[in-house]
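S.K.: I'd like to go over a predicted model; first the sequence, then the structure.
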Amino acid sequence: MNPNDSVVRLHIEDSGGPGRPVVLIHGWPLSAQAWEPQVSVLRAAGYRVVAYDRRGFGRSDKPESGYDYEALADDLQRVMEQCGLQDATLVGFSMGGGEVARYIARHGQTRLHSVVFAAAIPPYLMKTGDNPEGPLGPEKAQQMAQSLEQDRSAFFNQFTRDFFSANGALQVTEPLRGEAVALCHQSAQHAALACMESFATTDFREDLKMIKVPTLVIHGDSDAIVPVEGSGLRTHSAVPHSQLVLVNGAPHGLNVSHAQAFNEALLSFLRA
């Protein structure tokens, strides 16, 4: 565990309801506020909703280090312990799917009821010799990092367009995209860059083999950020008992653009 873990303050939003806990783990480079279309729906359905800002993002502390998935999974364990969560469902969106997989590998499944990989990055984004199906080439990863370093505002502007676009067409209103841009700017630059490297280069293939709890994989079939062929479909294959929901015409940010379909799939899985 990172020696700084005990002093890194994480912003946690806990509805404190009596129902089974659902832990929402946001994508890069956003915050727990990105889950707004889900929180009220889950609470109305009787679930206890816990959402937190990853270290370096949103309203959490922004330490200089601790952005590998080991530290991030340990942060998730601290949230579980601090909130006293048992029989919980972990919902990891995009980068957050990596926390779900690595959490299971490091901390087991005794606190878990089920898990959800939503537009998530596992099993392994980077295209390598032993991972030819990886959807992210080394050159593209380097280009992304350089673009973020050179012009943060321009990068986030384009990133959010890609995030919410399917087949080149924006699937949300400009005000909604603007809200996402604002969340991006809450991130610390060093954290955004370090997490970009972590989600691009971390191999979760062995982690996925450990999953025994009920699992949902939900993905937009028009995701331009994390293409489903190299991620969601492979995760579904790697976890044989998993359920797969493909949302037709949905981009990466499908929890916002296709909130009704996303919420219906999530609630159906939670009730099963």
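M.R.: Thanks, I have it. Numbers count the residues shown, from 1 in each chain.

S.K.: Can you pull out the low-pLDDT segments for the chain?
M.R.: Scanning the chain for pLDDT under 70 picks out 1-6.

S.K.: show me where it has strands.
M.R.: 12-14, 21-25, 48-52, 88-93, 112-118, 165-166, 169-170, 215-220, 243-247 (DSSP state E).

S.K.: quick one: buried residues of the fifth one?
M.R.: Neighbour-count burial for strand 112-118, counted by 16 or more other C-beta atoms under 10 Å, picks out 112, 113, 114, 115, 116, 117, 118. C-beta here means a position set from N, CA and C on the backbone, and glycine is covered the same way.

S.K.: would CSV of the residues you listed with distance to residue 252 be doable?
M.R.: Converted to CSV, the buried residues of strand 112-118 look like this (distance: C-beta to C-beta, whole Å):
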residue, distance to residue 252
112, 25
113, 26
114, 23
115, 19
116, 16
117, 13
118, 10
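
S.K.: nearest to residue 48, of the residues you listed?
M.R.: Comparing the buried residues of strand 112-118 against residue 48 with C-beta to C-beta places residue 113 closest, at 11.8 Å.

S.K.: what's that closest one in contact with, if anything?
M.R.: 20, 87, 88, 89, 213, 214 (C-beta atoms under 8 Å, 6 or more residues apart in numbering).

S.K.: Buried ones only from those residues, please, as a PyMOL command.
M.R.: Restricted to buried positions by 16+ other C-beta under 10 Å, the PyMOL selection for those reads:
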select buried, resi 20+88+89+214
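
S.K.: Residue 226 touches residue 252, doesn't it?
M.R.: Yes. Between residue 226 and residue 252 there is a contact under C-beta atoms under 8 Å: 6.1 Å.

S.K.: all helices for the stretch 151-272 of the chain, in order.
M.R.: 152-163, 174-185, 189-201, 205-208, 232-238, 254-257, 259-271 (DSSP state H, counting those that start in this stretch).

S.K.: now the fifth one, how far from the centre of its chain.
M.R.: Here the centre of helix 232-238 is set off from its chain's centre by 16 Å, with C-alpha atoms, centre = their mean, to the nearest Å.
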